[in-house]
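Peer 1: Got a sequence here, can you build the structure:
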Amino acid sequence: MFVGILESEGWGAIATIIATIMDIPSVLVLVVAAILDFVVGDPWSWPHPVQGMGWCISRYSTLALDRIKSPLGLRLAGVGLAIALILGSGLVGWGAIALMTWMHPLLGMSTHILLLASCFAGRSLRDAAEDVLAPLTNGDLPAAQTRLSRYVGRDTQTLDQPEILRAVFETVGENGVDGVMAPLFYALVGVLTPIGSAPVALAYKAASTLDSMVGYKEAPYRNLGWCSANLEDVLTWVPCRLTVLTLAVLCRRPLHVLQICQRDAAADPSPNSGWSECAYAASLGVQVGGTNTYKGVVKHKPLMGDGDRPITVKIIRQGLTLNRICFLLWLLLGLGLQSWLLWAWA
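Peer 2: Predicted coordinates for the structure are as follows:
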């Protein structure tokens, strides 16, 4: 129907490209992208869309902060940055797939798969956790502290083993939503749109990258990153709550998990990371939160969870397993829903 409207309005070439993209087997794209992320992940030496997003954000932010001094001007510049990067990332992804599809359908499918796989961070999150846990389990605390500093913003050089384990667990909990479940959610949403999974997932990835780079309440990004931070909060709200519900069901204690999240998560200043970390903590019977230091500044995060048992390497790996199960469950449910909708619309 959508393609027919374009053709009737004289947009035949664009309609042809969209029709070609829509003919790509979306089930195969999603499944192969998920497998690729699970097996390969994001090798350090490979180019990655987030690198390009990060370069654009860095260049734009430097120019804006150098040339604009008023808070209102920086806020407007931040709105422009958020809109341009999010829409631009989706359009660039769509354009790359369209161009490759025009050259050959298999090239288009391969491009779609690679771009979509780059949005999933399941393997990268697992590798990051194991990178820190490996020296820690061998008793090399300084190496674990140094490796942890690559992945978290807090100061790590004075952390003892329990604090390192807490930091890794909190990273798994927070990024389980931001880096794994939310991109999959938007990839599944993208299946129902004319532009496909990867462009929509890339647009969300841009919002997440913006939040991680400029979405701070402290100077110098307080005004420039205001729009990015709030927009990412809005975009992550639904997949975060769905992840909480999924974890609650998977751990077979849904009321317990939801009660703890209702009790503790709202105390966290973030509307999403507090819920995701609390859900993982409640599901596995541990406690997160406490005192962290960022560039010498001490900050206190609310305690979340009952802490029935300490955070251990085994607990962290159980959290990573929950990530994989959630991902697989959503993928199967999403593909099943897609098949039903295609049947219903036929």
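Peer 1: what about this protein, any weak spots by pLDDT?
Peer 2: In the predicted model of the chain, residues 1-24, 341-342, 344-346 satisfy pLDDT under 70.
Peer 1: Stretch 184-200 spans what distance, first to last residue?
Peer 2: 10 Å (Cα to Cα, to the nearest Å).
Peer 1: List the buried residues in that stretch.
Peer 2: 184-191, 195-200 (16 or more other Cβ atoms under 10 Å). C-beta coordinates here come from the backbone N, C-alpha and C atoms, glycine included.
Peer 1: now swap in stretch 41-54 and tell me
Peer 2: Buried residues in stretch 41-54, defined by neighbour count with 16+ other Cβ under 10 Å: 41, 42, 49, 50, 53.
Peer 1: CA-only coordinates of that stretch in CSV, if you can.
Peer 2: Taking C-alpha atoms only, stretch 41-54 is exported to CSV below (Å, rounded to 0.1, in the frame of the first residue of the first chain):
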residue,chain,number,x,y,z
GLY,A,41,30.6,-9.2,18.4
ASP,A,42,32.5,-5.9,17.7
PRO,A,43,36.2,-6.6,17.2
TRP,A,44,38.3,-3.6,18.2
SER,A,45,40.0,-3.3,14.8
TRP,A,46,36.8,-3.2,12.8
PRO,A,47,35.1,0.1,11.8
HIS,A,48,31.9,0.7,13.7
PRO,A,49,28.9,3.1,13.1
VAL,A,50,29.3,4.3,16.7
GLN,A,51,32.8,5.5,15.9
GLY,A,52,31.3,7.7,13.2
MET,A,53,28.6,8.9,15.5
GLY,A,54,31.1,9.7,18.2
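Peer 1: neighbouring contacts of that stretch?
Peer 2: Outside stretch 41-54, the residues that touch it by Cβ atoms under 8 Å, 6 or more residues apart in numbering are 85, 89, 93, 115, 118-119, 121-124, 126-127, 202, 205-206, 209-210, 213.
Peer 1: do the same with stretch 137-154
Peer 2: For stretch 137-154, contacts defined as Cβ under 8 Å, 6+ apart pick out 128, 131-133, 135-136, 156-161, 164, 167-168, 171, 292-294, 313.
Peer 1: Restricting to C-alpha, output that stretch in CSV.
Peer 2: Extracted C-alpha coordinates of stretch 137-154, given in CSV (Å, rounded to 0.1, in the frame of the first residue of the first chain):
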residue,chain,number,x,y,z
THR,A,137,39.8,-14.4,39.5
ASN,A,138,43.5,-14.8,39.3
GLY,A,139,44.1,-12.4,42.2
ASP,A,140,45.5,-9.6,40.1
LEU,A,141,43.6,-6.7,41.6
PRO,A,142,45.6,-3.9,39.9
ALA,A,143,45.0,-5.4,36.4
ALA,A,144,41.3,-5.7,37.2
GLN,A,145,41.2,-2.1,38.3
THR,A,146,42.9,-0.9,35.1
ARG,A,147,40.7,-3.0,32.8
LEU,A,148,37.6,-1.8,34.6
SER,A,149,38.5,1.8,33.9
ARG,A,150,38.0,1.2,30.2
TYR,A,151,34.3,0.5,30.7
VAL,A,152,33.1,2.6,33.6
GLY,A,153,33.2,6.3,34.4
ARG,A,154,34.0,5.9,38.1
